[in-house]
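Peer 1: how would this look folded up:
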Amino acid sequence: MLRFKLLGPLEVVGGGGPAFAPTAPRVLNTLALLLVRAGRVVPLDTIIEELWGDDPPRSAARTAQTYVYQIRRWLTAEGTPERDGGGAGDTGGDGAGDGDVLLTRPPGYMLEVSPEQLDLSRFDRLLAQGRGLLQDGRSAEAVEPLCDALDLWTGPPLANVELGRVLESHAAALDEHRAHALNLRIEADLRLGRHRELIGELRSLVALKPYDEWYHALLVCALARSGRRYDALEAFHSARNILAEDLGLSPSPELNEVHAAVLQGEQPRTPLTCTAPKTAAARGPAPGTPAVPGPRAPRTAGPSPAQTVR
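Peer 2: So this is what the prediction gives:
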């Protein structure tokens with residue numbers, strides 16, 4: 001069974017061989033778009049928009065259909081798929097058969113893969129599981145699925161794909177969901193009292209995201225609750241200077257509250273804000289709901305005669 005990786009470089013694994021990916025850039029983009037929208041129809045117009053933006057060639061529809069045909073050949077072939085990017089001249093037919101996973105569904109195509117074949121689906125499931133456990137107050141149990149979700153990441157999403165504007169929006173959404181999973185895992189650790197163990201990670205996050213006041217507040221709090229009041233005050237002053245000099249802003253009420261507690265010699269309250277009361281409105285999407293948004297609407301109401309889906 002083939003497995004697909006999106007949370008890092010796009011790779012295909014199967015047949016007992018090493019991971020690989022199409023070498024032709026636009027075939028790679030097409031496969032990436034079908035995978036991030038697995039189980040849903042991707043209109044042909046959306047594929048064309050991803051590959052050529054607002055300036056598609058006259059042959060765009062036929063060429064995009066060729067890329068889809070090449071991908072279909074790989075997925076329906078026995079054993080390990082062919083490992084070349086293919087050329088634009090091989091148009092072929094629909095190639096549909098009983099074992100097809102890449103289906104023609106007007107106005108486009110739909111890739112059907114099981115959740116276990118796609119790392120994005122596994123990430124969504126683990127994230128939903130960890131979030132639910134944390135909202136139920138089961139912090140110790142939440143850590144494992146959240147760590148497992150984060151371990152699926154091997155780099156920026158679709159790191160080996162030259163993203164068009166459609167995939168750019170998907171990649172940005174995936175980055176946000178990875179950050180959300182990380183924040184939930186940090187919150188679970190903090191609820192378990194692991195302030196000292198988190199200091200190094202929080203320092204790294206503050207360096208990577210210097211304008212995220214939540215990370216600054218957590219760092220000040222973790223230092224103070226580890227008996228390092230001086231370092232906690234230094235961390236606060238560093239955050240205040242960054243916000244003032246770069247953005248012209250004052251620290252947030254949450255950051256000021258943590259600072260005031262340190263000054264008064266009190267144990268600051270850890271500013272946990274990632275989770276909300278588990279109400280119907282707060283639960284968010286059900287487990288299995290994809291984490292990424294749908295593609296942009298096609299530029300036209302339907303494919304033109306030159307863009308008939310094959």
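Peer 1: Looks to me like residue 38 is in a strand.
Peer 2: No: using DSSP: H, G, I helix; E, B strand; the rest coil, the assignment for residue 38 is coil, not a strand.
Peer 1: Okay, it and residue 263: tell me how far apart.
Peer 2: Using C-beta to C-beta, to the nearest Å, we find residue 38 at a distance of 52 Å from residue 263. Glycine gets a C-beta too; all of them are placed from N, C-alpha and C.
Peer 1: Would you mind telling me which of the two has the busier surroundings?
Peer 2: residue 38 (21 against 13; other C-beta atoms under 10 Å).
Peer 1: Just confirm the more buried one contacts residue 124, I think it does.
Peer 2: No: using C-beta atoms under 8 Å as the test, residue 38 is too far from residue 124 to be in contact (11.1 Å).
Peer 1: so where is the protein shaky, pLDDT-wise?
Peer 2: Along the chain, segments meeting pLDDT under 70 span 15-16, 77-99, 274-310.
Peer 1: so what's the backbone phi/psi at the residue nearest to the spatial centre of it?
Peer 2: Of all residues in the chain, the one closest to the mean position by C-alpha atoms, centre = their mean is residue 174, 2.0 Å from it. Phi and psi for residue 174, reported as degrees, to the nearest 10, are phi -60, psi -40.
Peer 1: Name the nearest residue to it, ignoring sequence neighbours.
Peer 2: Among residues not flanking residue 174 along the chain, residue 157 sits closest, at 4.1 Å (C-beta to C-beta, 6 or more residues apart in numbering).
Peer 1: Could you grab the helix/strand/coil label for the one you found?
Peer 2: Strictly by three-state DSSP, residue 157 counts as coil.
Peer 1: give me every residue that touches it.
Peer 2: Applying C-beta atoms under 8 Å, 6 or more residues apart in numbering to residue 157 gives the contacts 6-8, 170-171, 174-175, 178.
Peer 1: could you redo the last one with a cut-off of 7 Å?
Peer 2: Going by C-beta atoms under 7 Å, 6 or more residues apart in numbering, residue 157 touches 6-7, 171, 174-175.
Peer 1: what does residue 29 give?
Peer 2: 50-51, 161, 164, 167.
Peer 1: mind checking how far residue 7 is from residue 26?
Peer 2: Separation of residue 7 from residue 26 (C-beta to C-beta): 22 Å.
Peer 1: before we move on, back to that, okay, and which of the contacts of residue 157 map to helices?
Peer 2: 171, 174-175 (DSSP state H).
Peer 1: okay, those residues in CSV with distance to residue 129 next?
Peer 2: Shown next, in CSV, are those (distance: C-beta to C-beta, whole Å):
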residue, distance to residue 129
171, 24
174, 18
175, 21
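Peer 1: Which residues does the host helix or strand of residue 238 contact?
Peer 2: If you go by DSSP states H and E, residue 238 is part of helix 229-242. Helix 229-242 is contacted from outside by 210, 216, 219-220, 223-224, 251, 255, 259, 262, using C-beta under 7 Å, 6+ apart.
Peer 1: mind redoing it with 8 Å?
Peer 2: 206, 210-211, 213, 216, 219-221, 223-224, 250-251, 255, 258-259, 262-263, 265.
Peer 1: Can you say which of those are buried?
Peer 2: By neighbour count, with 16 or more other C-beta atoms under 10 Å, the contacts of helix 229-242 hold 206, 210, 213, 216, 219-221, 223-224, 251, 255, 258-259, 262 as buried.
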